[in-house]
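Engineer: only geometry, no sequence info:
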């Protein structure tokens, strides 16, 4: 009696929420009948973004970015992030966020940066360098995966979610790493809006010095504006210092990309790590365009508003990656790293402002 012939090998079973090498509970599934269109997800993101700005209008202390992340996280954790929405929220969290990074460059220009002065530049460069390096070292001590620690370090030292997005491709982690890093910078930046103005007088900071401290230590541009705006006379200095930090994003990404290419000439997918992601090059091009002075103020103002809307929409999508069961399994050490990084950037920036009088 002969054994029955083995059945023909079928396609390998794939995780239903896996795309490429990255997987998380809310990753978009492989395109299938009725589920390949991004439209339903983008419509849901649009509605959530409008709600985020509506909440901000009613409660100005709540930054739209904070509300947007919270809405995305709420949706995925109460079961509202249905499979039909996955493709659209994935598009929002990647393509819209990268477009927001490019438009962020239009808020920067050489005349603004020259207002910083040598002492302010010293504070900015020192704060970014110590925070970035220190956070990665702390991540190693705490056992946080290197890619996640790199993304957290980038977000806290430069400009929050936009910086995390710029470094994501170079870091080579998965979407859980990105979601955790963005959740942490959003959480700590939101707390900064509430706490830092209360520390102005106890720390002996006049409005200008407070603005320098906020600009050098708060993560997201919108969070910086919201924090400094609570102290009269601090906003202009805070914005100049903050945008000077943002300029360091492209050199930092390029430096880490060169390092990654040396360590891993060819990635698992057969491609070399990018020297500079295309949208980061677009960010640099936008800075150059803004520096020419050719764009009228109305265009720059419109681009700034659009950047804020796109960032909030992207954060709704990224919020759907904040799956609490996953965070409970993997996020405890990352949370501690984020809090330590927040303390580090605030301490170094404060010391720099006091020592230099910037």
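Structural biologist: Arrived safely, thanks for sending. Just so we're clear, the structure is a prediction, and the values are computed from it rather than from any experiment. Numbering: from 1, shown residues only.
Engineer: what comes into contact with stretch 46-64?
Structural biologist: The contact list for stretch 46-64 (Cβ atoms under 8 Å, 6 or more residues apart in numbering) reads 65, 67-68, 71-72, 75, 189-190, 193-194, 220, 222-223, 226, 308-309, 312-313, 316. From N, CA and C alone the C-beta is placed, and that goes for glycine too.
Engineer: Please spell out the PyMOL selection for the buried subset of the residues you listed.
Structural biologist: Entered in PyMOL, the line below selects the buried ones among those, by 16 or more other Cβ atoms under 10 Å:
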select buried, resi 65+67+68+71+72+75+189+190+193+220+222+223+226+308+309+312+313+316
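Engineer: just checking, which of the contacts of stretch 46-64 belong to helices?
Structural biologist: 65, 67-68, 71-72, 75, 189-190, 193-194, 222-223, 226, 308-309, 312-313, 316 (DSSP state H).
Engineer: in which helix or strand would I find residue 137?
Structural biologist: Residue 137 is part of helix 117-142, with elements assigned from DSSP states H and E.
Engineer: what does residue 242 give?
Structural biologist: With DSSP H and E as the test, residue 242 turns up in helix 235-247.
Engineer: Remind me what that helix packs against, helices and strands.
Structural biologist: With contacts taken as 3 or more Cβ pairs under 8 Å, 6 or more residues apart in numbering; DSSP states H and E, helix 235-247 sits against helix 110-114, helix 117-142, helix 207-217, helix 221-228.
Engineer: ranking those by mean pLDDT, which is last?
Structural biologist: Here the lowest mean pLDDT among these goes to helix 110-114, at a mean of 74.
Engineer: packing partners for that helix?
Structural biologist: helix 235-247.
Engineer: Which residues outside the helix it packs on are in contact with it?
Structural biologist: Residues contacting helix 235-247 (Cβ under 8 Å, 6+ apart): 104, 107-108, 112-113, 115-116, 120-121, 123-124, 127-128, 157-159, 162, 207-208, 210-212, 214-216, 218, 221, 224-225, 227-229, 287, 358.
Engineer: tell me the mean pLDDT for it?
Structural biologist: Rounded mean pLDDT across helix 235-247 is 85.
Engineer: quick one: buried residues of that helix?
Structural biologist: So, applying 16+ other Cβ under 10 Å, buried residues of helix 235-247: 235, 237-247.
Engineer: Can you say which of the helices and strands packed on helix 235-247 is nearest to residue 181?
Structural biologist: Proximity to residue 181 (Cβ to Cβ) singles out helix 117-142 among those, at 10.6 Å.
Engineer: which other helices and strands contact the helix or strand just after that closest one?
Structural biologist: Using DSSP H and E, the helix or strand that follows helix 117-142 in sequence is helix 146-157. Under the contact criterion of 3+ Cβ pairs under 8 Å, 6+ apart, helix 146-157 touches helix 117-142, helix 160-171, helix 175-195, helix 249-263, helix 332-356.
Engineer: Tell me the secondary structure at residue 202.
Structural biologist: coil (DSSP: H, G, I helix; E, B strand; the rest coil).
Engineer: Show the backbone phi and psi for it.
Structural biologist: The phi/psi pair for residue 202 (degrees, to the nearest 10) reads phi -60, psi -30.
Engineer: that older thread, in TSV: the helices and strands packed on helix 235-247, plus distance to residue 199.
Structural biologist: Output for the helices and strands packed on helix 235-247, formatted as TSV (distance: least, Cβ to Cβ, whole Å):
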stretch	distance to residue 199
helix 110-114	26
helix 117-142	17
helix 207-217	9
helix 221-228	11
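Engineer: Out of these, which gets nearest to residue 41?
Structural biologist: Closest among these, using Cβ to Cβ: helix 221-228, at 23.7 Å.
Engineer: Contacts for the closest one next, please.
Structural biologist: Taking Cβ under 8 Å, 6+ apart as the rule, helix 221-228 contacts 60-61, 63-65, 104, 107, 159-160, 162, 189-190, 192-193, 196-197, 210-211, 214-215, 218, 234-235, 237-239, 242-243, 246, 308, 311.
Engineer: By mean pLDDT, which helix or strand of this protein comes out lowest?
Structural biologist: strand 18-19 (a mean of 36; mean pLDDT, DSSP states H and E).
Engineer: which of the helices and strands packed on helix 146-157 sits most buried?
Structural biologist: helix 160-171 (a mean of 27; mean count of other Cβ atoms under 10 Å).
Engineer: Nearest spatial neighbour of residue 184, chain-adjacent residues omitted?
Structural biologist: Spatial nearest neighbour of residue 184, excluding adjacent residues (Cβ to Cβ, 6 or more residues apart in numbering): residue 338 at 3.4 Å.
Engineer: My understanding was that that neighbour contacts residue 185; is that so?
Structural biologist: Yes. Shown here, residue 338 and residue 185 form a contact pair, counting by Cβ atoms under 8 Å, at 7.3 Å.
Engineer: Please enumerate the shared neighbours of those two.
Structural biologist: 152, 156.
Engineer: what's the offset of stretch 238-254 from the middle of its chain?
Structural biologist: 13 Å (Cα atoms, centre = their mean, to the nearest Å).
Engineer: Now do it: distance from first to last residue.
Structural biologist: 26 Å (Cα to Cα, to the nearest Å).
Engineer: Stretch 194-202 too?
Structural biologist: Start-to-end, stretch 194-202 (Cα to Cα) is 15 Å.
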